[in-house]
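Enquirer: quick one, what's the 3D model for this:
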Amino acid sequence: MSDPHQPLRDDVRLLGELLGQVLHHHEGPELLALVEEVRALSKSAHAGNDDDFDKLADLLRELPITTAFRVARAFAHFLTLANIAEQHHRVRRRREHARDARGRAQRGSCEDTCARLLAAGVPAGALDRAARSIRIELVLTAHPTEIVRRTLLQKHHRIAGELASLDRPDLTASERQDALDAIQREIASVWQTDEVRHERVSPLDEVRAGLVVFEESLWGAVPRFLRALDRALAAATRTGLPLNAAPVRFGSWIGGDRDGNPNITPEVTRQATWLARWMAASLYLREIRALRAELSLTTASDALRVRTGDAHEPYRALLAGVRDRLFATRAWAEAALASEHPERASATATAPYFDAAELLEPLALCYRSLGATGNQLIAAGRLADILRRLAVFGLTLARLDLRQEASRHTDAIEWIAQQRGWGPYAAAAEADRQSLLVRALTAGRTRLADLPIDAASEQVRDVLETFRMAATLHRDSLGAYVITMAGQPSDVLAVELLQRMAGQAHPQRVVPLFETADDLHRAGETIDALLRVPWYRERIRGHQEVMVGYSDSAKDAGRFAAAWILYRGQEDIISTCERHGVAVTLFHGRGGSIGRGGGPTYLAIQSQPPRKVSEASEASETSELSEVSDTSDTASVRITEQGETIEAKFGLVDIAVRTLEVYTSAMLEATVAPQPAPRAEWRESVDRVADEARAAYRAVVYETPEFLEYFRNATPEPELAAINIGSRPARRPGGISRTGGVESLRAIPWQFAWTQTRLLLPSWLGIEAAITEADKTRFREMYDGWPFFRSTLDLIAIALAEADPRIAAQYDRLVPAALRPLGANLRKRFTRASDAVLAVMATRDLLHDNPVLRRSIDVRNPYVDPINLVQIELLRRLRTGGASDPQLQHAFVVTVNGIAAGMRNTG
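Expert: Below is the predicted model:
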């Protein structure tokens, strides 16, 4: 049997050779020879030759900084090219599965999942109902973790496209050479392009970059995914998927997440919604023009003829009006973006679309007419794709969530209370706060427009103007209002009052975010108290959304303890809502890295607490074209997609289709075949392990006096804040000082810094003290029988396998001698953590069941090591008088990019 991964190795070798030719041409044979010498030493060191590792470190340390920079840059570019090859290989393998003559569907595909569930005894009717009821909303965020410039991402996509061309079996010799030349041109262009952003990205730049993902990938991926799901369901249940079904939809925080980001102003949010409408109108306009060109038919149903009279080509006649209204919609958005008075932008001769149902109506009429005249095959083409897009994207592509920190709302209510003579609010007890808020909500007489907002402080004014702005937006522009650091029912009621005072005709659903370990521990209690408020129970109409945060809880308690705290917190939230007869949507704030809740999608969903997914919003076959499915308030689950995970999961159409399939397949399986509840003795064991792991983690991170100084010396955290990755500041207000703790540091740069040094400490620290020899037998039972425990341990194993304590030890050269024993202790803990996990897994290899990842790490590490060693020398020079040297700063950022490419994530 041929090796299915040989084409990947061939691609990596090809791209490496082409990069070498570019280096030879543009930098000279001397640099290429040096790069090859460094590569040989690094590979030998990884093969076990410690002397060659020392030679490598000495060689790179002694190089002139300009030469070391070029060497690091060459290795960074190779790693990026390897990433491109791996992404393309995922597409290649997906296509190979689809062409498999033996009919073996790819694991996790819609076809595979439906077939496996039926074979396991799930009734076809149950599978059909589940497919119609699941609602997954993927929420794109702009957290500062996408480090690659958009200019370079576009070049990377073109290289991937040419690799796909090389796979064609009918390629002529001339065409093959054309593709090779095109790849080499792109590599040469990339090599001569500055990979460093010299200006911080603006919020609207982030909005535009997010919309490009919809334009270039998701717009094409969604109908392909839905057709695949429809075919799989039709084969399994003989019913298929209704055209108005939207098992996956999209939300966004880009332009709406103002928590700790003063750059997200009310005007930025307003423009973000207009840009989304402009992009959606442009995409629909393109589709309608193409559809008009296709539907040249002269026969139509009587219902359509009523609308078009004796037009010779009735479909084109009807769609001309749709085209004109979409053009007017785009023109309205352009005028709104260009005007300080957006209300004037609505004065157009043709009415824009502001309600998706208005766009649906003529398209549904065309669909029914084609069916009535025997043209079902034509109806199932581009027209069906547009209808499916409309169900998923609406007129805005993604509804924009707003997010703000709870204390900001407290300050705003305190100011209003002072203006209205309501008495103290901020200093009041929780019960008194709730009473004040409910009285104001019930009375409903005070409006923000009646208050002297200009006299308020800048921060209070920003909060109030945000709510006033939200009240002016169209209903489908906004999704949830997320409250960071929510800890009390009054945090939710305060936002409800601010919405009412702003005059929001269709208030956003208010979502408390529980993210610290303590808040998650009390989450069920907080939701219980909230649902006991009669006004609030009536307001939510039987549905509550709650967000749980993975980043801060992991920074607070360590990865293993945080995973268990989150599991139990979700159980408490679910049981509380069930007790009150309220449906609940859990919103998972996952990051990209394992230390922030990232990891394989399928495992993540399968390892959630068992629960029944509501089927209240089930799509109907009989009414599949009567309305646009509105799932914004009835999602089964919401999940953030952050930073580089967006590019990795949705950057290419084929990859995006696969991502959507995996999410849907995992939710289908979790819905119709949920995992049984864990045994009581297993829970007791994890209770103990989590407590001990948390105590060990906090003893190091929070209770070791010298830890903060070590962290700031042994990692590039102080220098990372200067990188122009995103619009959001790296630190919370007040910053981080040598005398304080890590509390004010955001979870992303915390993880980012440890990823750069290759120790990945937040992903494993604590587990080494909690898993003991005496527990191994029970832990092996739990590993084999409990998806939560297995997935959590597997993710920690991945982090341990990706880490390299030998490289991390080199960063201790930057640390004062008195602090170096702390670094040595951390690396001893790393070894103990690896041994403990291996003992539970009963294997010698942390990646025993993931040979693809093992091979990827083994290939990458020899190319990442030299970049780390160069970075260490750059940090030494930056910290010894070179902090203002632009050449050193530029070279440092290049090493950050290269290590991020090698580790395949930042934070």
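
Enquirer: the strands in the stretch 551-700 of the chain, which residues?
Expert: 583-589, 637-642 (DSSP state E, counting those that start in this stretch).

Enquirer: how much space between Leu377 and Leu56?
Expert: Here the criterion is C-beta to C-beta, to the nearest Å. By it, Leu377 lies 63 Å from Leu56. From N, CA and C alone the C-beta is placed, and that goes for glycine too.

Enquirer: nope, Arg227 is what I meant
Expert: The gap separating Arg227 from Leu56 is 51 Å, by C-beta to C-beta.

Enquirer: higher neighbour count, those two?
Expert: Between Arg227 and Leu56, Leu56 has the larger neighbour count (other C-beta atoms under 10 Å), namely 24 against 17.

Enquirer: give the contact list for the nearest residue to that one once chain neighbours are set aside.
Expert: Take Leu56 and drop its neighbours on the chain: the residue closest to it by C-beta to C-beta, 6 or more residues apart in numbering is Leu41, 4.2 Å away. Applying C-beta atoms under 8 Å, 6 or more residues apart in numbering, we find Leu41 in contact with 52-53, 55-56, 59.

Enquirer: just the buried ones from those residues?
Expert: If you count burial by 16 or more other C-beta atoms under 10 Å, the buried members of the contacts of Leu41 come out as 52-53, 56, 59.

Enquirer: need the next SSE after the lengthiest helix in the chain, C-terminal direction.
Expert: Counting residues, the longest helix found in the chain (DSSP state H) is helix 65-99. Of the helices and strands lying after helix 65-99 in sequence (DSSP states H and E), the nearest is helix 110-119.

Enquirer: show me which residues of that next one are buried.
Expert: So helix 110-119, judged by 16+ other C-beta under 10 Å, has buried residues 110-115, 117.

Enquirer: how about those in CSV, adding pLDDT?
Expert: Converted to CSV, those look like this (pLDDT from 0 to 100):
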residue, pLDDT
Cys110, 90
Glu111, 90
Asp112, 91
Thr113, 92
Cys114, 93
Ala115, 92
Leu117, 93
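
Enquirer: quick one: which of the residues you listed is nearest Asn261?
Expert: Cys110 (37.8 Å; C-beta to C-beta).

Enquirer: separation between the closest one and Arg382?
Expert: Cys110 is 22 Å from Arg382, by C-beta to C-beta.

Enquirer: state the distance from the closest residue to Thr273 other than its chain neighbours to Thr466.
Expert: Setting aside the residues directly before and after it, Thr273 is nearest to Ser477 in space (C-beta to C-beta, 6+ apart), at 4.2 Å. Distance, Ser477 to Thr466, using C-beta to C-beta: 14 Å.

Enquirer: same deal with Ser369?
Expert: Relative to Thr466, and taking C-beta to C-beta, Ser369 is found at 46 Å.

Enquirer: same thing with Asp10?
Expert: Relative to Thr466, Asp10 is positioned 53 Å away (C-beta to C-beta).

Enquirer: with Cys577 instead?
Expert: In terms of C-beta to C-beta, Cys577 sits 28 Å off from Thr466.

Enquirer: cool, Asp858 as well?
Expert: 50 Å.

Enquirer: check Asp355 too.
Expert: 25 Å.

Enquirer: now do Ala351
Expert: Taking C-beta to C-beta, one finds Ala351 at 29 Å from Thr466.

Enquirer: looking at those two, which one has more neighbours?
Expert: Higher neighbour count among Ala351 and Thr466: Thr466, with 24 against 13, using other C-beta under 10 Å.

Enquirer: how about the contacts made by that one?
Expert: For Thr466, the contacting residues are 258, 266, 269, 402, 404, by C-beta under 8 Å, 6+ apart.

Enquirer: out of the strands of the stretch 551-700 of the chain, flag the one nearest Ala179.
Expert: Using C-beta to C-beta, the strands of the stretch 551-700 of the chain put strand 637-642 closest to Ala179, at 31.5 Å.

Enquirer: dump that closest one to PDB, restricted to CA.
Expert: This file holds the C-alpha atoms of strand 637-642, laid out as PDB (Å, rounded to 0.1, in the frame of the first residue of the first chain):
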ATOM      1  CA  VAL A 637     -24.100  26.100  20.900                       C
ATOM      2  CA  ARG A 638     -21.900  29.100  20.100                       C
ATOM      3  CA  ILE A 639     -18.200  28.900  19.800                       C
ATOM      4  CA  THR A 640     -15.500  31.600  19.200                       C
ATOM      5  CA  GLU A 641     -13.100  31.300  16.400                       C
ATOM      6  CA  GLN A 642     -10.100  33.400  17.100                       C
END
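
Enquirer: that one pairs with which strands, parallel or anti?
Expert: strand 136-141 (parallel), strand 583-589 (parallel) (DSSP bridges).

Enquirer: the first one: what's the following helix or strand?
Expert: Counting by DSSP H and E, the next helix or strand C-terminal to strand 136-141 is helix 150-166.

Enquirer: residues in contact with that following helix?
Expert: Here helix 150-166 has contacts from 11, 15, 80-81, 83-85, 87-88, 91, 148, 171, 175-176, 179-180, 182-183, 186-187, 189-190, 193, 195, 209, 212, 216, 647, 651-652, using C-beta under 8 Å, 6+ apart.

Enquirer: which of those residues count as buried?
Expert: 11, 15, 80-81, 83-85, 87-88, 91, 148, 179, 183, 186-187, 190, 195, 209, 216, 647, 651-652.

Enquirer: rewinding a little: reformat the strands paired with strand 637-642 as TSV; add mean pLDDT and mean neighbour count.
Expert: Putting the strands paired with strand 637-642 into TSV (pLDDT from 0 to 100; neighbours: other C-beta atoms under 10 Å) gives the following:
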stretch	mean pLDDT	mean neighbour count
strand 136-141	95	24
strand 583-589	93	22
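
Enquirer: could you dump those strands to CSV with distance to Arg104?
Expert: Formatted as CSV, those follow (distance: least, C-beta to C-beta, whole Å):
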stretch, distance to Arg104
strand 136-141, 26
strand 583-589, 31
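
Enquirer: which among the ones you listed is found nearest to Ala470?
Expert: strand 136-141 (17.4 Å).
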